[in-house]
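Asker: Provided below are the primary sequence and the corresponding predicted coordinates.
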Amino acid sequence: MLPVIALVGRPNVGKSTLFNRLTKSRDALVANYAGLTRDRKYGEAEIEGRKVILVDTGGISGGEEGIDAAMAQQSLQAIEEADIVLFLVDCRAGLTPADQMIAEQLRTRSKPTFLVANKVDGVNPDIALAPFYELGIGELFPTTATHGRGVRTLMQRVVEDLPEQAEPEAVEVATGIKIAIVGRPNVGKSTLVNRLLGEDRVVVYDQPGTTRDSVYINYERDEKPYTLIDTAGIRRRKNIVESVEKFSIVKTLQAVEDANVVVLVIDASEGLVDQDMHLMGSVIQAGRALVVALNKWDGLEDDHRQFVKAELERRLRFVDFADIHFISALHGTGVGNLYQSIEAAYQSATDKLSTNHLTRILQWAVSEHQPPLVHGHRIKLRYAHAGGQNPPVIVIHGNQTEHVPAHYVRYLEKTYRKALDLHGTPVKIEFRTGA
Ligand code: GDP
Ligand code: GDP
């Protein structure tokens, strides 16, 4: 399970700067769901070789009037979900009442916390850092997030406190294809989970171990084992809480990471929204097999259906390998058909691919359409072998492979997808130059 690191601190101390530096990305997932008063950003980062989820809470303000309750609540949820908290303060601004209030909040939570004294550039550290020691919270690390100074030292220390990389209990007891049901709040995830488990042909076993709030449910359908990763956590809670509260991006990202196949649920009555696209992006980035479920298809007028279909056609081109199902979790329509796509995606994602076969496809692809010249020399692609499963990784060896242009990579991807009849899974092509 990916560990979670939360960045907290009042606005303007440098959280986003540090976040961007660590994730090296601008396309972070942003939680701006209705009901959330302030944005929270989520991204994956690799820290000293460990993959983690980074959360920029952005949310604890302060100032004279104190911490805004609703905002603080969102940040506190992020802290609750975190394994480690980085509490940022601003050396130039000095210690403020808001910092003290945040420190107060953190003290009652006993999470491993590091105090990051940012913007230490251009100030005298001896003088500037002194007041922050008064906070009495965590080890103190001076940094300059804009230039990265001190960041490595900080992260080398942070990584020591990350939880062990041990496989979670749940993974060991998972008996079948791991299916994660994900989607933004209110799209019908809980309804779908209930529907999937409530089918006549389904035998649900005792709940195995749970991780965070996701619940792993083993069951059999037509004598085939499956494990459902239920991010909505409905099976555990007696009364269904507010969707916004039960929804968590951390949970979602972890479920995606741990799944074999992701079923992304979209609310057809609302059409495709940006958050659906962001979630889809995360699934692809994680390399997970994907099945798209357009839920609440019941009760939609014909012209509305046509509109949604056109939208899908237009905006989902980049995931044209994924099956799309139009379902009603509420009535059960189309739900059983999801399994065909789940099975096919899983098979494709985990197929054993022989070096021979992959190399023959490569040679064919190259003969059909040669790679371009670079400085007068043609890029040579010699042979290919499998480099991993779920997603399938195809490693191609050759010369000047670092110059293979993006369009040619897409061509190879497409050729492999077709030749191997891969369905429902992203494919990763990697290159190695040399023998
Ligand atoms: P956030 O509101 O906590 O996310 O803060 P930002 O990351 O948006 O940073 C606020 C401002 O402080 C921006 O103008 C940053 O460029 C600047 N900043 C961030 N880190 C540093 C630093 O280490 N030194 C200096 N001088 N400025 C910084
Ligand atoms: P979650 O937040 O994604 O778990 O969403 P829920 O399963 O709690 O569903 C949110 C709301 O949408 C509930 O009122 C459901 O009854 C409703 N809903 C779920 N699936 C369907 C469906 O297929 N059709 C219709 N019309 N409503 C649905």
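Answerer: Received the coordinates, thanks. Ligands and ions are numbered 1, 2, ... in the order given.

Asker: Remind me which helix or strand the spatially closest residue to Leu362 that is not a sequence neighbour belongs to.
Answerer: With Cβ to Cβ, 6 or more residues apart in numbering as the criterion, Leu362 has its nearest non-adjacent residue at 4.6 Å, and that residue is Ala384. C-beta coordinates here come from the backbone N, C-alpha and C atoms, glycine included. Following DSSP states H and E, one finds Ala384 within strand 380-388.

Asker: in that strand, what counts as buried?
Answerer: 381, 384-387 (16 or more other Cβ atoms under 10 Å).

Asker: same check, this time on stretch 317-335
Answerer: Neighbour count says stretch 317-335 has 319, 321-330, 332, 334-335 buried, by 16+ other Cβ under 10 Å.

Asker: One more: stretch 424-435?
Answerer: 424-427, 429, 431.

Asker: any chance of those residues in CSV, plus distance to Phe141?
Answerer: Converted to CSV, these look like this (distance: Cβ to Cβ, whole Å):
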residue, distance to Phe141
Gly424, 44
Thr425, 41
Pro426, 37
Val427, 41
Ile429, 39
Phe431, 38
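
Asker: Just the ones of the residues you listed in strands?
Answerer: 429, 431 (DSSP state E).

Asker: Over to Ala293. Which of the three states is it?
Answerer: strand (DSSP: H, G, I helix; E, B strand; the rest coil).

Asker: can you check Tyr219 too?
Answerer: Secondary structure, three-state DSSP: Tyr219 is strand.

Asker: low pLDDT regions in this protein?
Answerer: 25-40, 58-75, 165-174, 201, 205-213, 233-246, 435 (pLDDT under 70).

Asker: before we move on, back to that, isn't the residue nearest to Leu362 right up against Ile396?
Answerer: Yes. Between Ala384 and Ile396 a contact is recorded at 4.7 Å, counting by Cβ atoms under 8 Å.

Asker: shared neighbours of the two, which are they?
Answerer: Leu362 (Cβ atoms under 8 Å, 6 or more residues apart in numbering).

Asker: so what's the nearest residue to Thr355 once chain neighbours are set aside up against?
Answerer: In this structure, Thr355 finds its nearest non-sequential neighbour in His385, 4.2 Å apart by Cβ to Cβ, 6+ apart. Listed by Cβ under 8 Å, 6+ apart, the contact partners of His385 are 355, 358-359, 394-395.

Asker: For His385, name its beta-bridge partners.
Answerer: Counting by DSSP bridges, His385 forms beta bridges with Val395.

Asker: and the closest residue to Leu129 other than its chain neighbours, which of the three is it?
Answerer: Distance criterion Cβ to Cβ, 6+ apart; nearest residue to Leu129, sequence neighbours excluded, is Ala117 at 5.6 Å. Using three-state DSSP, the structure places Ala117 in strand.

Asker: Gly398 now?
Answerer: Per three-state DSSP, the secondary structure class of Gly398 is strand.

Asker: Kindly provide the distance from the residue nearest to it when sequence neighbours are not counted to Leu253.
Answerer: Counting by Cβ to Cβ, 6+ apart, Leu381 is the residue found nearest to Gly398 once chain neighbours are left out, at 4.0 Å. Using Cβ to Cβ, to the nearest Å, Leu381 is found at 34 Å from Leu253.

Asker: So what angle separates the directions of the one helix or strand His407 maps to and strand 380-388?
Answerer: Per DSSP H and E: His407 is located in helix 406-419. Per axes from the mean of the first three to the mean of the last three Cα atoms, to 10 degrees, the angle that helix 406-419 makes with strand 380-388 is 60 degrees.

Asker: And the contacts of helix 406-419?
Answerer: 321, 358, 361-362, 364-365, 368-369, 371-372, 394, 396, 422, 427, 429.

Asker: just stretch 420-431 next, same as before
Answerer: So stretch 420-431 is contacted by 261, 284, 287-291, 321-323, 341, 344-345, 347-349, 351, 353, 357, 361, 387-388, 390-398, 401-402, 404, 409, 412-413, 416-417 (Cβ under 8 Å, 6+ apart).

Asker: What residues does Leu272 make contact with?
Answerer: If you count contacts by Cβ under 8 Å, 6+ apart, Leu272 has them with 266, 308, 311-312, 315-316.

Asker: again, only using 10 Å
Answerer: Residues in contact with Leu272 (Cβ atoms under 10 Å, 6 or more residues apart in numbering) are 266, 280, 292, 294, 308, 311-312, 314-316.

Asker: Same check on Asp99?
Answerer: 9-10, 13, 60, 62, 87-90, 93, 115, 131-132, 135, 137.

Asker: and whichever residue of the stretch 251-400 of the chain sits closest to ligand 1, how many neighbours does it have?
Answerer: Among the residues of the stretch 251-400 of the chain, His278 lies nearest to ligand 1; the distance is 19.3 Å by Cβ to the nearest ligand atom. Neighbour count of His278, defined by other Cβ atoms under 10 Å: 19.

Asker: do the same with Glu48
Answerer: 13.

Asker: what's the closest non-adjacent residue to it?
Answerer: Val159 (4.4 Å).

Asker: My understanding was that Val404 contacts Ile379; is that so?
Answerer: Yes. Counting by Cβ atoms under 10 Å, Val404 touches Ile379, with 5.9 Å between them.

Asker: Overlap in contacts, those two.
Answerer: Common neighbours of Val404 and Ile379 (Cβ under 10 Å, 6+ apart) are 371-372, 398, 431.

Asker: which residue ranges form the helices in the stretch 301-435 of the chain?
Answerer: Assigned by DSSP state H, counting those that start in this stretch, the helices in the stretch 301-435 of the chain fall at 302-315, 338-350, 355-368, 406-419.

Asker: Just send those back as JSON lines, with distance to Thr23 and mean neighbour count too.
Answerer: JSON lines is the format used below for those (distance: least, Cβ to Cβ, whole Å; neighbours: other Cβ atoms under 10 Å):
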{"stretch": "helix 302-315", "distance to Thr23": "24", "mean neighbour count": "13"}
{"stretch": "helix 338-350", "distance to Thr23": "26", "mean neighbour count": "20"}
{"stretch": "helix 355-368", "distance to Thr23": "32", "mean neighbour count": "16"}
{"stretch": "helix 406-419", "distance to Thr23": "22", "mean neighbour count": "15"}
